[in-house]
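> let's see this in three dimensions:
(one chain, ligands or ions: 2)
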Amino acid sequence: MIVLRGIPASAGVAIGKVLLFDSEDLLVPHRTITEDQIPYEVLRFEEALIQTRHQILKIQKRLADELGQEHAEIFNAHLLVLEDQTLREEILTGLKTQRLNVEMMFNEVIRRHLRAFSRTEDEYLRERTADIEDVRKRVLRNLLGRHADVLGQLDEPVVVVAHSLSPSETAQMHKRHVLAFITDIGGRTGHTAIMAKSLEIPAVVGVEVATKRIKKDDLVIVDGTHGEVIVEPDADTIRRYEVEQRRNQEISRQLLQVKDLPAQTLDQHRVVLSANIELPDEMPSVVAHGAEGVGLYRTEFFYLNRTDLPTEEEQFQAYKSAAEALKPSPVIIRTVDLGGDKFFSPLDLPSEMNPFMGWRAIRFSLARPDIFRMQLRAILRASPYGNLKLMYPMISGLPELQRANEILQEVREELRRDGLPFAEPLQVGAMIEVPSAALTCDLLAKEVQFFSIGTNDLIQYALAVDRVNEKIAYLYEPTHPGVLRLVKHIIEAGHAAGLWVGMCGEMAGEPALALWLLGMGLDEFSVSPVQVPVIKKIIRAVEHRTAQAIAQEALALPTGKEVEDFLTAHLRRLVPEFAE
Ligand code: PEP
Ligand code: MG
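Ligands and ions are numbered 1, 2, ... in the order given. Predicted structure coming up:
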C-alpha cells in the first residue's frame, strides 16, 4: 500500500479500479467492426489524415514566419509519412481482413514500421522514427479527440488516472462511469477541477507521479477532500474509507435540510446565495441544492467537444430555458471566456506562451465581434423569459468595458429594428479578476450595475501564481493578506458607488473564507451547487456583527497561514459541524 499526495480538487471519497491513460496520453480503444462499418472507418481515417496535414501545414507556416524556411522544412518528413501509400494500403487492407477499428489498425501498422525502422542499420531511416512517432500521436489524437471519446463511452465504473485532463475531457465524464480521477498536473482552481466539482466526481490533481506509480487495474482509494490517493489499500484501510463515504453521504443529507431556508445570519442580515454552472444540464442540481439563482453561467461549454460553432438560436434556447427554470431568481450569463486553460476545436485558437495572460475572454470577444454580437443577441432575446443579467469576463480597464457596452447598445438597436423583444433595463456587470480592474473599480462602477469578483484569476494575477501549475500550488493562497486587501477594496469601492458586489470565484465556496467575506459585507456568494448548503449553513450559524469583527481581525494578520488558522478556528467554534 502506498499513499500519494496531491491537491484536493473535488471533495468526496471513491474506491475503485484504475483506468490508466498511458504516458503518451493516448488510450487506443479495441473494437471489432462489421463489414458495413468499414466505409465509415475509412472515412474517419481520411478525415484524420486531412486534419493532421492541415495542422502540420499550419505549424510549418508559423515556423517559416517566425524562424525561417529551413526550420519549417523539418516537418516535410512528417508530411511524407502522412502521404505514404504503402502505409495507407496496409491499414485499409487490415481494416477489411482483421475487422478492427481504425485507430487500432493504424496504431498496429505504424508501430510495426517503427520497430523495423529502429532496428535498421541505416542512420537516416533510424532518425525518421521520431517523425513517424510524432505523426502516430497526431493522427491518433485526431482520431480519438484525445481522451474525450473514451471517457464518454466507459462501460464499467473506474478511477481515471491521467497525466493531464482538459476541461472538455472532464466534461465528458459521467458519475456513473467515472468514480473519481487523478492527474499528475493541475491546480485547485483550474477548470478541470471546477468541472469535477460540478459533476460531483471526487478528484485529486497535481499528484506529479500518479501515472508512474499507479498501474492499470490497481485498486485505489481517492480522497478528494484531503488530496490523498491510496494505492492497493489493505482491508482495514478500505473499511475505514467506506465508513468515511457513508459519513459524507450522511453529512450531505443533513446539509440539505437548510435547502429551502433563507441565506441569512442569526441577526437577519440577508445575502444572496447562488450557484455557478459549467454545463446546462446542471440546472436541476442548482435547484436541488437550494441556490437562489445562478451567479455565474459559464458559456464556454457551447464550444466544448464539437467541430462547429454554436449558433445564436442554440444559445438563445439554452439561456431562455435557464431563465425560465429559475424565474424569478436571477441567472447571470457571463459572455464567453475562451482561452486560458480552455481550448476549443472549432476555433483552433493559437497556442500561446502565457495563455492565462493572453488572448482570452473579453479580449477575444472584442476581437471577434461576430461571435460576441451573436452571443449578446441570444442573451438579450432570452431576457424577457426570466431574470437574466449579463457580465463580461476579464475586464482590465475602462475602455474595454466601454467598448463592450457600446457593442451591447448596438445589438439592442439592431434587435429593435428587427422587432425582437428584450428586457429593459437589463443589469450588466463586470467581473473583477484582474488587479488593474480591482484598483480602478471606482471608474468601472460608472459603466455597470454590479461587480462579480473572479478570485480564481484575481489570485493568480495578484500573486503571480499560475492557477494550474501544481509545482507552485502552495503559493496559491486565497488567504494571502494581499488578496484580502484587494477583495476588501473591491467590495468597498463597489458599495461606495452604489453597486452590489458578488463573488463567483472558488474562494466564495471555501467555508473559512466565506465567513470572512460575510463579515466584509459581500452581497452575493456564487459557489458550485454542492457547496450551496455548506455555505448556507455557515451564514445561518453566525451573527453578522460577529463575522464583521472576525473579518477585521483577520485583516491585521501578516501571513496567509495565520489568516487561515485564525478563520478555521473561528469557523469550528461557530459551526461545530465543521470540526473534524
Ligand atoms: C474566476 O476567475 O474566479 C472565475 C470565476 O472565472 P473562471 O474560473 O472561469 O476563470
Ligand atoms: Mg476568471
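
> interface residues of this structure facing ligand 2?
Counting by Cβ under 5 Å from the ion, the chain comes close to ligand 2 at 433, 454, 457. All C-beta atoms are positioned from the backbone trio N, CA, C, and that covers glycine.

> restrict the residues you listed to contacts with ligand 1.
Residues of these in contact with ligand 1 (Cβ under 6 Å from any ligand atom): 433, 454, 457.

> burial count for the second one?
Gly454 is flanked by 29 other residues according to other Cβ atoms under 10 Å.

> my guess is it contacts Pro393, does it?
Yes. Contact status for Gly454 versus Pro393: in contact at 7.0 Å, counting by Cβ atoms under 8 Å.

> got any residues that touch both of these two?
Taking Cβ atoms under 8 Å, 6 or more residues apart in numbering as the criterion, Gly454 and Pro393 both touch 431, 433.

> contacts only, for the residue nearest to Asn387 when sequence neighbours are not counted.
Take Asn387 and drop its neighbours on the chain: the residue closest to it by Cβ to Cβ, 6 or more residues apart in numbering is Pro330, 4.5 Å away. Pro330 sits next to 274, 293-295, 387-389, 427 when contact means Cβ under 8 Å, 6+ apart.

> nearest to ligand 1 among these?
Each of the contacts of Pro330 was checked against ligand 1 using Cβ to the nearest ligand atom; the closest is Gly295, at 9.3 Å.

> helix/strand/coil for that closest one?
At Gly295, secondary structure determined by DSSP: H, G, I helix; E, B strand; the rest coil is strand.

> the closest residue to ligand 1 within the stretch 1-150 of the chain and Leu458: what is the separation?
Here the stretch 1-150 of the chain gets closest to ligand 1 at one residue, Ala9, 13.3 Å apart by Cβ to the nearest ligand atom. Relative to Leu458, Ala9 is positioned 19 Å away (Cβ to Cβ, to the nearest Å).

> same thing with Thr183?
In this structure, Thr183 and Leu458 are 24 Å apart, going by Cβ to Cβ.

> between those two, which one's more packed in?
Thr183 (29 against 25).

> which residues does the more buried one contact?
The neighbours of Thr183, taking Cβ under 8 Å, 6+ apart as the test, are 6, 161-165, 192, 203-207, 210.

> just the buried ones from the residues you listed?
Neighbour-count burial (16 or more other Cβ atoms under 10 Å) applied to these gives 6, 161-165, 192, 203-207, 210.

> show me these that map onto strands.
Filtering the buried ones among the contacts of Thr183 for membership in strands, criterion DSSP state E, returns 161-162, 203-205.

> what's the mean pLDDT across the host helix or strand of Asp65?
Using DSSP states H and E, Asp65 sits within helix 38-67. Mean pLDDT, computed over helix 38-67, is 85.

> residue numbers of this protein in contact with ligand 1?
296, 298, 337, 433, 454-457, 504-505.

> tabulate these (CSV), appending secondary structure.
Shown next, in CSV, are those (three-state DSSP):
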residue, secondary structure
Leu296, strand
Arg298, strand
Asp337, coil
Glu433, coil
Gly454, coil
Thr455, helix
Asn456, helix
Asp457, helix
Cys504, coil
Gly505, coil
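
> what's the closest of those residues to Glu410?
Checking the residues of the chain next to ligand 1 against Glu410 by Cβ to Cβ gives Asp337 as the nearest, at 21.6 Å.

> hmm, what's the outermost residue in the chain?
Seen from the C-alpha centroid of the chain, the residue lying at the greatest distance (Cα atoms, centre = their mean) is Glu121, 48.1 Å away.

> and that one, helix, strand or coil?
On the three-state scheme (three-state DSSP), Glu121 is labelled coil.

> who are the contact partners of it?
For Glu121, the contact set (Cβ under 8 Å, 6+ apart) is empty.

> returning to what we had before: would JSON lines of the residues of the chain next to ligand 2 with pLDDT be doable?
Below are these laid out as JSON lines (pLDDT from 0 to 100):
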{"residue": "Glu433", "pLDDT": "98"}
{"residue": "Gly454", "pLDDT": "98"}
{"residue": "Asp457", "pLDDT": "97"}
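
> pull up the pairing partners for the lengthiest strand in the chain, direction included.
Secondary structure of the chain per DSSP E: the longest strand is strand 13-20. Here strand 13-20 is paired, per DSSP bridges, with strand 158-162 (parallel), strand 219-223 (antiparallel).

> now do that strand, average pLDDT.
Strand 13-20 shows a mean pLDDT of 94.

> give the buried residues for it.
Neighbour-count burial for strand 13-20, counted by 16+ other Cβ under 10 Å, picks out 13-16, 18-20.

> which regions of the stretch 401-550 of the chain lie under the pLDDT threshold?
Within the stretch 401-550 of the chain, no stretch has pLDDT under 70.

> strands of that one, start to end?
Remark: strands assigned in the stretch 401-550 of the chain by DSSP state E, counting those that start in this stretch are 428-432, 450-453, 500-503, 524-527.

> between those, which gets nearest to Pro481?
Closest to Pro481 of these is strand 450-453 (Cβ to Cβ; 16.6 Å).

> need the residues that contact the closest one.
Identification of contacts with strand 450-453 by Cβ under 8 Å, 6+ apart yields 295-296, 332, 389, 391, 427, 429-433, 441, 444-445, 487, 490-491, 494, 499-505, 507, 524, 526.

> show me the chain divided up by domain.
As recorded under automatic domain parsing, the domains making up the chain are 2-23+149-238, 35-144, 249-578.

> just name the most buried of those domains.
The highest mean neighbour count among the domains of the chain, using mean count of other Cβ atoms under 10 Å, belongs to domain 2-23+149-238: a mean of 21.

> ends of stretch 287-302, what's the gap?
22 Å (Cα to Cα, to the nearest Å).

> ok, which stretches of the stretch 301-450 of the chain are helices?
For the stretch 301-450 of the chain, the helices defined by DSSP state H, counting those that start in this stretch occupy 312-326, 361-367, 369-382, 398-418, 435-439, 441-444.

> re the thing from before, which of the buried residues of strand 13-20 lies closest to Glu35?
Taking Cβ to Cβ as the measure, Glu35 lies nearest Leu19 of those, at 30.2 Å.

> who does the closest residue to the closest one other than its chain neighbours bridge with?
Nearest in space to Leu19, with sequence neighbours left out and distances taken as Cβ to Cβ, 6+ apart, is Val158 at 3.9 Å. Applying DSSP bridges to Val158 gives these bridge partners: Val178.

> for Val158, give me the pLDDT.
94.

> please name the residues that touch Arg573.
Contacts for Arg573 (Cβ under 8 Å, 6+ apart) come out as none.

> can you pull the contacts of the residue lying closest to Glu314 once chain neighbours are set aside?
Nearest residue to Glu314, sequence neighbours excluded (Cβ to Cβ, 6+ apart): Phe302, at 7.1 Å. Applying Cβ under 8 Å, 6+ apart, we find Phe302 in contact with 310, 314-315, 318, 336.

> lowest-confidence one in those?
pLDDT is lowest at Pro310 among those; the value there is 90.

> okay, the closest residue to it other than its chain neighbours and Val563: tell me how far apart.
The shortest distance from Pro310 to any non-neighbouring residue, by Cβ to Cβ, 6+ apart, is to Phe302 (3.9 Å). Distance, Phe302 to Val563, using Cβ to Cβ: 38 Å.

> repeat for Ser321
41 Å.

> swap in Glu35?
Glu35 is 67 Å from Val563, by Cβ to Cβ.

> surely Ala438 meets Leu486?
Yes. Using Cβ under 8 Å, Ala438 is in contact with Leu486, at 4.9 Å.

> so who does the residue nearest to the spatial centre of the chain touch?
Computing the C-alpha centroid of the chain and ranking residues by Cα atoms, centre = their mean puts His191 first, at 2.0 Å. With contact taken as Cβ under 8 Å, 6+ apart, His191 is in contact with 167, 170, 278, 340-342.

> distance to Ile2 added to those, as CSV?
Output for the contacts of His191, formatted as CSV (distance: Cβ to Cβ, whole Å):
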residue, distance to Ile2
Pro167, 29
Thr170, 25
Glu278, 33
Gly340, 34
Asp341, 29
Lys342, 33
